[in-house]
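**Q** take a look and give me a structure for this.
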Amino acid sequence: MATDSETGHFWRFQWQLLLAAAVLFTRIPIWKKIPDEALQLSRAARFLPVIGILVGGLSALSFLGFYTIWHSSWLALLLSTVVGILLTGAFHEDGFADSCDGFGGGWQKEQVLAIMKDSRIGTYGALGLGLMLTVKLSALHLVPVERVAYAIVLGHTLSRSFSASFMYGLTYVRDEADRKLSGHNDPLTLKELAFIAAIGLSGLLFLSILHSVILLLILCLLYVLLRWYWLRRIGGYTGDCLGGAQQLAEACIYLVLAATLS
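**A** Numbering: from 1, shown residues only. The predicted structure is shown next:
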């Protein structure tokens, strides 16, 4: 049976991991010192959907505020997207662009990984990112205005759960030094995966059963396709792959909501 000190240490460490997730996945300033053992991406990833709730919630609130001022859903969506990008530093968008460049321009595994590691954006990345933003904004614009805020929060939250789920059962394909530096040295555990899924799926409680089933089927299909493609091309995943997965899942969520709620 766990002692009070052990229980206190557990919850204190969870709090540290949550703060670490804010540091790793957002640009929100955190002034509290975080121990190095908590600043591990694979450990802090359990709180990715919580970060999604935070970023999505702030983006949704900004949408409501902008819509109240200008009464234009398109302008409000554009400005709230800017807010979301500022909150995250385009963390996932950058991964998606690098994935487009890597898989679009590389043939062999080594080429793909080298291109993805290059900080410069190429033609595939620029086109992919532009099209991705266009698709997401266009889909959200089709969602009834009174449901847009909910759609934004669900999109940010569920897509981050989707992205983090790939860390369970797949191999991080960078070398050992890069694995330690990026925090992918320890695989995601089954308990962490269950927590990630529970937080991410909680937003579906506000959807009908039919709409939830359709959305989950689409995401399951996307999961299978991405897993198959990554394994075939590079034998596992990278951080850029996870960023790309988050963006693709977010777009799929908005497309499904646009088709079923409008």
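**Q** what is the burial count for residue 109?
**A** For residue 109, the number of neighbouring residues by other C-beta atoms under 10 Å comes to 13. All C-beta atoms are positioned from the backbone trio N, CA, C, and that covers glycine.
**Q** please report the distance of the closest residue to it other than its chain neighbours from residue 116.
**A** Sequence neighbours aside, residue 234 is the residue nearest to residue 109 in space, at 4.9 Å (criterion: C-beta to C-beta, 6 or more residues apart in numbering). Using C-beta to C-beta, to the nearest Å, we find residue 234 at a distance of 9 Å from residue 116.
**Q** between the two, who's got more neighbours?
**A** Neighbour count, other C-beta under 10 Å: between residue 234 and residue 116, residue 116 has more, with 25 against 22.
**Q** who's in contact with the more buried one?
**A** 98-99, 101-102, 106, 238, 240 (C-beta atoms under 8 Å, 6 or more residues apart in numbering).
**Q** how about a cut-off of 10 Å?
**A** When contacts are counted by C-beta atoms under 10 Å, 6 or more residues apart in numbering, residue 116 touches 95, 97-103, 105-106, 125, 174, 234, 238-241, 244.
**Q** for residue 216, same thing?
**A** 158, 201, 204, 256.
**Q** show me the shaky parts of the chain.
**A** 1-6, 175-186 (pLDDT under 70).
**Q** which stretches in it count as strands?
**A** Applying DSSP state E to the chain gives no strands.
**Q** what comes up buried for stretch 194-206?
**A** Neighbour counts over stretch 194-206 (16 or more other C-beta atoms under 10 Å) mark 195-197, 199-200, 203-204 as buried.
**Q** same question, stretch 215-223
**A** Quick answer for stretch 215-223 (16+ other C-beta under 10 Å): 215, 219, 222.
**Q** the residue nearest to residue 109 and residue 114 touch, don't they?
**A** No: taking contacts as C-beta atoms under 10 Å, residue 234 lies outside contact range of residue 114: 11.2 Å.
**Q** hang on, the earlier thing: list residues touching both of residue 234 and residue 116?
**A** Jointly contacting residue 234 and residue 116 under the rule C-beta under 10 Å, 6+ apart are 102-103, 106, 174, 241.
**Q** now the lengthiest helix in the chain, how far from the chain's geometric center?
**A** Counting by DSSP state H, the longest helix found in the chain is helix 209-233. Distance of helix 209-233 from the chain centroid (C-alpha atoms, centre = their mean, to the nearest Å) equals 15 Å.
**Q** now stretch 60-73
**A** 24 Å.
**Q** tell me which residues are up against it.
**A** With C-beta under 10 Å, 6+ apart, stretch 60-73 has contacts from 74-84, 86-87, 140-145, 148-156.
**Q** and stretch 31-49, what's buried?
**A** Of all the residues in stretch 31-49, those buried under the rule 16+ other C-beta under 10 Å are 34, 38-49.
**Q** ditto for stretch 96-109
**A** 96-103, 105-106.
**Q** then stretch 64-76?
**A** Residues 66-67, 73, 76 are the ones in stretch 64-76 that count as buried (16+ other C-beta under 10 Å).
**Q** a markdown table for the residues you listed, including distance to residue 110?
**A** Below are the buried residues of stretch 64-76 laid out as a markdown table (distance: C-beta to C-beta, whole Å):
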| residue | distance to residue 110 |
| --- | --- |
| 66 | 45 |
| 67 | 48 |
| 73 | 46 |
| 76 | 44 |
